[in-house]
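Undergrad: curious how this folds, go ahead:
(6 chains, ligands or ions: 3)
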Amino acid sequence: MQITLIQGLLLSIAAIIIGVDYWLEAFFIFRPLVVSTITGIILNDVKLGLTTGALTELAFAGLTPAGGTQPPNPVLAGFMSTVIAYTANVDAKAALGLCLPFSFLMQYVILFYYSAFSFFMAKADKAALEANPNAIGKINVITTLIVAVSYGVIVFACTYLAQDAMANLVNSMPEKLIHGLEVAGGILPAIGFGMLLRVMMKAKYIPYFIVGFLMANFIPMSNLLPVALVGFAFAAYDFFNAKQRKYELQEALARTNINTHGGNQDGI
Amino acid sequence: MQITLIQGLLLSIAAIIIGVDYWLEAFFIFRPLVVSTITGIILNDVKLGLTTGALTELAFAGLTPAGGTQPPNPVLAGFMSTVIAYTANVDAKAALGLCLPFSFLMQYVILFYYSAFSFFMAKADKAALEANPNAIGKINVITTLIVAVSYGVIVFACTYLAQDAMANLVNSMPEKLIHGLEVAGGILPAIGFGMLLRVMMKAKYIPYFIVGFLMANFIPMSNLLPVALVGFAFAAYDFFNAKQRKYELQEALARTNINTHGGNQDGI
Amino acid sequence: MQITLIQGLLLSIAAIIIGVDYWLEAFFIFRPLVVSTITGIILNDVKLGLTTGALTELAFAGLTPAGGTQPPNPVLAGFMSTVIAYTANVDAKAALGLCLPFSFLMQYVILFYYSAFSFFMAKADKAALEANPNAIGKINVITTLIVAVSYGVIVFACTYLAQDAMANLVNSMPEKLIHGLEVAGGILPAIGFGMLLRVMMKAKYIPYFIVGFLMANFIPMSNLLPVALVGFAFAAYDFFNAKQRKYELQEALARTNINTHGGNQDGI
Amino acid sequence: MASKVLTKKDVTMLGIRSSLLQASFNYERMQAGGWLWAQLPALKKIYKQDSSALSSAMVDNLEFINTHPNLVGFLMGLLISLEENHEDRNLIKGLKLALFGPIAGIGDAIFWFTFLPIIAGISCSFASEGLIIGPIIFVASYVAIWILRIVWTHMGYTLGTKSFEILKDNSDIISNSATILGITVIGALIATYVSIELLPVIQVAGGIEVSIQTAFFDTIFPKLLPMAYTLLMFYLLKKKQISPVVLIIATIILAIICSYMNLL
Amino acid sequence: MASKVLTKKDVTMLGIRSSLLQASFNYERMQAGGWLWAQLPALKKIYKQDSSALSSAMVDNLEFINTHPNLVGFLMGLLISLEENHEDRNLIKGLKLALFGPIAGIGDAIFWFTFLPIIAGISCSFASEGLIIGPIIFVASYVAIWILRIVWTHMGYTLGTKSFEILKDNSDIISNSATILGITVIGALIATYVSIELLPVIQVAGGIEVSIQTAFFDTIFPKLLPMAYTLLMFYLLKKKQISPVVLIIATIILAIICSYMNLL
Amino acid sequence: MASKVLTKKDVTMLGIRSSLLQASFNYERMQAGGWLWAQLPALKKIYKQDSSALSSAMVDNLEFINTHPNLVGFLMGLLISLEENHEDRNLIKGLKLALFGPIAGIGDAIFWFTFLPIIAGISCSFASEGLIIGPIIFVASYVAIWILRIVWTHMGYTLGTKSFEILKDNSDIISNSATILGITVIGALIATYVSIELLPVIQVAGGIEVSIQTAFFDTIFPKLLPMAYTLLMFYLLKKKQISPVVLIIATIILAIICSYMNLL
Ligand SMILES: OC[C@H]1O[C@H](O)[C@@H](O)[C@@H](O)[C@@H]1O
Ligand SMILES: OC[C@H]1O[C@H](O)[C@@H](O)[C@@H](O)[C@@H]1O
Ligand SMILES: OC[C@H]1O[C@H](O)[C@@H](O)[C@@H](O)[C@@H]1O
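TA: Ligands and ions are numbered 1, 2, ... in the order given. The predicted model follows:
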């Protein structure tokens, strides 16, 4: 399907708003699930937006900017997975595979800004010394604007302008290649989860990992809320247990200290 | 259906025995499950007794006299839920709703006796001072008899005498009202369970509450024995864990005390 | 079915190898599951070997030689359950019942050797005093050979030579008796598990026992791996919990000791 | 030291008579009247002709008491062994005061709040399918518990004051464990026996009807509404101190209104 | 001691402005620019005409900082209350340095590694069936979290330095609990959302075809391959320090190869 | 201090030869004969021509020993490293006496009582459906365990006496954990592999037949009878010290009787 100029412009405007949201990490409308849904609404195919968004979201679950790192860009992934599925008419899984180059591209753009914006800090220092609040405001506004405009331009280019080239490219791909991308789309979440595990996993958490895995495998349920509840039960148990242990220890030590002191006094 | 005079008398006799059992809290045949079953046997419709009894029992699960309080009366609830379902030919859930006024009535009668019987205590004090065991016995027999007779009379009145009035009343009720009572019968156990939670629930028990709820929700089983077993497993785990912690603490402290003492001796 | 002479000899050779494996407890091909499978292969009915082996294995699960005791012999049980099912054409469960006398027979033979081989120890002492390694080697080889030959002979006799007698015996058994043996075959694992529990069970393990039992009862799964995983999760949890408690205790005591010491120094 | 006058049979009788505990329950002394009555035969045997000693014992035992009927035999056995030894009256009185509360606590936790919901839940799952085995299991269990009253009485009588320590040491752990078991079962009971099913359906394109209950609540989380309503009741009972009778009536009225509005 | 100059509304505004934290994010000072900008209105009000004091405060607040945006309001509230009291500049600076790290740790554990996968998992289970309720739940949750930023800010402002202790004492237990919850859900997410299905079938006697996937892997253990691949990724990321981008590309290439070989 | 004479290959050979441990098992010295035999090549290399030292070592190593074959290599490696260093004979002897018991305990807990039931349970669930993969998994696992014997031997040899402490410190926690795993699986094995099904049916009104097994036992609790019988066996084995052979025979007789009575 074709993206009209109006749709292209709407996508571009959405990209500006969403881009700023990601830059500030404010309302989390920058996650692929939401971005794809919005794209689907603009392209008048909400269902496509939902399904591509769900898949992309999960593949990006572990790819977080925590610690100030820049992961593959979730905003571009959200836009492009839906757009590619729409224009080139491929399966959501294959679209996930195909959207990644765009995601990497934007990742590097932001990384560039992370470095480049360091130069504003000298100006900011000067403003601070001069007790000039307005200058500080201006710096922040400028950096944010630069990011916003970049999102608008890049998304417009990738969606509206590049659509024919992309559709041709995809349509000329052999079936096996497309199927391969679909397969990749099914596997990619493994990397996101691997990233999460890298940060969170310690030996002592293995039991919980096993139980979560087994529950999803052997107990039929329509969503993961029950698992989250069980996880919450474990967390709460551990929390109260730790508190209880702390309390018992302090109790016991308090009692001993009294005894010891008594003993000392006798001895001296 | 009609309750015959004979059945009315049998119900009255049953009420005397059951009423005394509740007064003494001896064999727990006063719980609605048993009362309704007995009523069903007397009315020659055991199945009706069982189903109304099961429903009423659960609605009264948390309404206990623990601490010397008087809850809505389970005996009258047991009798009347079955009797109303029988005479007015309504669903068990609706009967549960309709039996409650009788349960409240009897609750207040017993509350009155709780206050009134205080007056016997002066007499008892006198008997104690005079070392007169027989007088003590007499007081206890009298109070128990008063309770017994009250049950007999009230149940006879509510079941045999009032049956036509009740059937007419119920039959003149609009369908929506009856359905509303049925709906209420399905919800009422929530209050009983709320009462149980009020006494038992602390933050640290939340994990167990969650697991019990999830098990009943997601694992198919024909009764709650498996949940009780899991609950028992949790309880036993906690028990042995607490003991183990106590032991480890004592061990460690014993070792330290020895060291400390040793240190003191060196120092002095 | 008939066992041919060749098959009889193959079984005998297999028995020698497997017998030595059991004697040394090396590769555990002496467990009924493997012995029966090998027997099935030799008798050209692998499936029969697998099914009789599985059943026999489980019945012998708790019958271990741990601590130097001799349980009913798993090797003969493995051979004979399959052989009896094959020659007398009975159900695997009945065959399990019928193989037990042979298992007991071999148990007593090994017990006899356990006693008899004590006599070699005097010779060994002499060799040790004389620093004569070769003599030690010879003693070990001889004892192992005796065991090996015994297995070969006994298995040949029980399988090839006794097959007609056995088939006749079994075929002359009334149906109810055969059925009784089948029933016994279904119950016998209880004794093995009872043996395991005897060694392992303590009050504090009851929770785990309950959970394992309930899982197998209420959660559909095609094998016990999920239960083993849950058991592993429990084990790991307990392990890390114990370590954590140890650590917390040491921490707390270290802190106290410092305080106490400080106090002592002030006092002196 | 006085010699033993009570036989095994006397102690058994005391256990049986412990069921009279609440025979003259009232708000002034709670179970005092029945408490004394149950012990009278034993006291008479101990103090024989010494009617002033008997009088003192009777006066003491008429003081306020409120404890758990299923376990009271333990306390009776313990105290009667002290009476038999003619221990100091103040010791006996002090022990009674110290113990009836904890025994009430343990007993209520185990019997009212743990055992009853569990055995009721199980029995009712049979009874609600019309099987008489339900109430039979129920009554059999309680008969067993009643028989245990005799056991507790002998135990209290034999252990004497030593039992005081044991009880004090473990009462925490025991009621904690009992509560864990109870809470687990209550969670399941709510899912099983509270039922709230929404009737409304939504008309979607093409005349298809979608039930809010099955398409929404059952998909997100089965039994969400029963749990929510129970927690609301819990909140109102605990934090707002609203009486259960008020909640019962309010629930009935609400249900009737919802029925008229075709909501439930 | 200086009198209070900030109103409730000022603190609320500070909470809202805390969203500007990353407005000029860069590798030299990370969030410093936005951190200062967000606090400027409050600082201006506190130091009014005293432009040298304002300058000191601005200089201090331009130093390197990197913490969690959802919780930063707490830290802002705390420090601004100290500024308002004209506490020693070194105390303020020291507290900031001591706290931004732990807050980043707790925040990342809770929000990035626990809350996001859970809410994403649930929302996606709806969205993947075409239900718009999925993203709605998602956005609603994050709006709620955003509103909490105002709450944290007030909390930090009110608790003042006392909050320092509370945070230090419990940060371990809290992030441990959050991680337990998160790990449990991730285990389930792997089973639910990673899919690897082998295509090959084995021809057995009689022309019957046996699928390796269903006859072998699904029988031994469902979802074994997805779990194995995830753990392999975990291993390569953690022990071999391979970048995720490399793994993504490698996975795609591998999938395409397997597609050509009819394996997947 | 003596120089090292054993090569890596010698230690590997020792690990392999550790399988000879039970070659002359008897009730007087248990594994002593095989224990010595397995170590002879290493001892000969260490003591070369010094035949009186060799003799002492041989005499010591012929003393009573009984430990777990799968782990014995660890002990052999440890002791042979001491022999190689010409440590005091009493130290070597003492360590052997101190360690063979705990190693037997850990080994039996892990291998006989935990690993065997689990791997047997899993393998049999395949085998009982006629799949050869069952015994293959079984043998493969045990080959792996056998190969580990070489690993343990190297470990013991390398760690030397330090390993003594490690083992003593953790043997409790390790066998506790192993037992937890084992017990969980045994609970499941009982439900899966003990089968007792009652045949009797009850004739109810209208000629309908109700099976006691399905209508009663399976409804109250599936697998109740197998569990009950197993616990009875456990009780008889543990408390009444009845030999398993007696129980096997009694069970068979009972089963035959029940068969004749149409009960089972
Ligand atoms: O790790 C601290 C912090 O690092 C970055 O600044 C951002 O990605 C935040 O989301 C994160 O909380
Ligand atoms: O709470 C103590 C006690 O109070 C009342 O006397 C009765 O309801 C008992 O059942 C209860 O155990
Ligand atoms: O118990 C120690 C030890 O005893 C016997 O020697 C053998 O059965 C071994 O398998 C066992 O490990």
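Undergrad: going by C-alpha atoms from here, please, whenever you check contacts or count neighbours.
TA: Will do.
Undergrad: was I right about residue D:75 contacting residue D:156?
TA: Yes. Here residue D:75 reaches residue D:156: they are 6.2 Å apart, a contact under Cα atoms under 8 Å.
Undergrad: what's near enough to touch the closest residue to residue A:238 other than its chain neighbours?
TA: Of all residues not flanking residue A:238 in the chain, residue E:177 sits nearest, at 6.6 Å (Cα to Cα, 6 or more residues apart in numbering or on different chains). Counting by Cα atoms under 8 Å, 6 or more residues apart in numbering or on different chains, residue E:177 makes contact with A:234, A:235, A:236, A:238, A:239.
Undergrad: ok, residue E:177 to residue B:243 distance?
TA: Applying Cα to Cα, to the nearest Å, the value for residue E:177 to residue B:243 is 24 Å.
Undergrad: per-domain residue ranges of the chain.
TA: Went with chain A since none was named. A:5-200, A:202-268 (automatic domain parsing).
Undergrad: that was the other one, I meant chain D.
TA: Using automatic domain parsing, chain D is parsed into the domains D:8-190, D:196-260.
Undergrad: how about low-confidence regions in chain A?
TA: Where chain A drops to pLDDT under 70, the residues are A:257-268.
Undergrad: helices of that one, start to end?
TA: Using DSSP state H, the helices of chain A run over A:5-24, A:32-42, A:46-59, A:74-87, A:92-116, A:120-129, A:133-156, A:163-171, A:175-187, A:189-200, A:206-218, A:225-267.
Undergrad: can you list those helices in CSV and add distance to residue B:119?
TA: Formatted as CSV, the helices of chain A follow (distance: least, Cα to Cα, whole Å):
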stretch, distance to residue B:119
helix A:5-24, 76
helix A:32-42, 74
helix A:46-59, 74
helix A:74-87, 80
helix A:92-116, 83
helix A:120-129, 85
helix A:133-156, 82
helix A:163-171, 95
helix A:175-187, 80
helix A:189-200, 69
helix A:206-218, 62
helix A:225-267, 48
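Undergrad: in the stretch 51-200 of chain D, what residue lies closest to ligand 1?
TA: Residue nearest to ligand 1 within the stretch 51-200 of chain D (Cα to the nearest ligand atom): residue D:187, separated by 36.8 Å.
Undergrad: what about that residue, neighbour count?
TA: Applying other Cα atoms under 10 Å in any protein chain shown, we find 25 other residues in the vicinity of residue D:187.
Undergrad: so which strand or helix has it?
TA: helix D:162-193 (DSSP states H and E).
Undergrad: including distance to residue E:195 and mean neighbour count, could the helices of chain A go into TSV?
TA: Compiled in TSV, those are given as follows (distance: least, Cα to Cα, whole Å; neighbours: other Cα atoms under 10 Å in any protein chain shown):
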stretch	distance to residue E:195	mean neighbour count
helix A:5-24	29	20
helix A:32-42	19	27
helix A:46-59	11	28
helix A:74-87	18	28
helix A:92-116	11	20
helix A:120-129	46	18
helix A:133-156	30	19
helix A:163-171	23	15
helix A:175-187	5	23
helix A:189-200	9	25
helix A:206-218	13	22
helix A:225-267	19	17
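Undergrad: now do the contacts for residue 17.
TA: If you meant another chain, say so; for now it's chain A. Per Cα under 8 Å, 6+ apart, neighbours of residue A:17: residue A:148.
Undergrad: could you do chain D instead?
TA: D:38, D:39.
Undergrad: which secondary structure element contains it?
TA: helix D:8-17.
Undergrad: what's the neighbour count on the closest residue to chain D within the stretch 101-250 of chain A?
TA: In the stretch 101-250 of chain A, no residue comes nearer to chain D than residue A:222, which is 6.3 Å away by Cα to the nearest Cα. Residues near residue A:222, counting by other Cα under 10 Å, number 15.
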